[in-house]
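K.L.:
sequence and predicted structure below; questions after.
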Amino acid sequence: MKNYFVLHALGNTADDYWYKFIRSHVEKLGFNCYTPTLPEVENMSYQSWAKEFDKYKQFINEDSVFIGHSTGSIFSVRYLMDNNLKIAKFIGVVSFNECNTNSQHPDWEEINKTFFVQNLSEFKNYAKSRICFYSPTDIYDFRLLDKFAEEIEAQKVIIEKAGHFTAVTGYDKEFPEIIKYLD
């Protein structure tokens, strides 16, 4: 059975932004959608997220779809690669594998480093289909977002003025542009 996983960004929970919108849409299609809340910033590292996410590992199969937002994207990539798990589709929203040089939160960049992978280009062997959403108005350096998409050979969906896909730019409750990619 096709299972969906929505992985939130650093500092968020499964109830923030558009995550519930995705879950509701997927469940209406008749599929399971897992939206775990992973450890908060104070206790956050790749290891703490992986330990918490391990309870969902049994539901991952070659028909699964992973949707990751920001840190949730690189977590998804590393978790799948570390566990040698293959999936049908990866949808990354603001995906990166390097620190943001103009970050407003340098301490968060230190946390993000624990999620990065050395061999990002190999991820194309773990997800049959790869799509990356990002925006030129994001707080993250656009070149790093574009580089991530290039390295995993993803279909690029660039949305003007979407920022970091949060409430500030109208992505507080819905994310209508992603629906057609959730087949």
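P.N.:
Structure's in. What do you need? Residues are numbered from 1 along each chain as shown.

K.L.:
how about the strands in the chain?
P.N.:
3-7, 32-34, 65-69, 87-93, 127-134, 155-158 (DSSP state E).

K.L.:
what about stretch 29-39, how long is it end to end?
P.N.:
29 Å (Cα to Cα, to the nearest Å).

K.L.:
so for that stretch, mean pLDDT?
P.N.:
Regarding stretch 29-39, the rounded mean pLDDT is 96.

K.L.:
what's that stretch in contact with?
P.N.:
1-8, 13-15, 19-20, 22-23, 26-27, 44, 48-49, 52-53, 56, 59, 72, 75, 182 (Cβ atoms under 8 Å, 6 or more residues apart in numbering). In short, each C-beta sits where N, CA and C put it, glycine included.

K.L.:
give me that answer again for 6 Å
P.N.:
2-6, 13-14, 19, 23, 26-27, 48-49, 52, 56 (Cβ atoms under 6 Å, 6 or more residues apart in numbering).

K.L.:
buried among those? Make that a PyMOL selection.
P.N.:
Selecting just the buried residues from the contacts of stretch 29-39 in PyMOL takes one command, with 16 or more other Cβ atoms under 10 Å as the test:
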select buried, resi 2+3+4+5+6+19+23+26+49
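
K.L.:
and the contacts of stretch 29-39, which is closest to N125?
P.N.:
The shortest gap between N125 and any of these belongs to F5, at 18.8 Å (Cβ to Cβ).

K.L.:
how far does the worst-scoring helix or strand of the chain on mean pLDDT sit from the chain's center?
P.N.:
Sorted by mean pLDDT, DSSP states H and E, the helices and strands of the chain end with helix 106-113, the least confident at a mean of 82. Per Cα atoms, centre = their mean, to the nearest Å, the displacement of helix 106-113 from the mean C-alpha position of its chain is 16 Å.

K.L.:
can you check stretch 115-132 too?
P.N.:
Relative to the centre of its chain, stretch 115-132 is centred 12 Å away, using Cα atoms, centre = their mean.

K.L.:
got the end-to-end distance for that stretch?
P.N.:
18 Å.

K.L.:
in it, what's buried?
P.N.:
Buried positions in stretch 115-132, judged by neighbour count with 16+ other Cβ under 10 Å: F115, V117, L120, F123, Y126, A127, R130, I131, C132.
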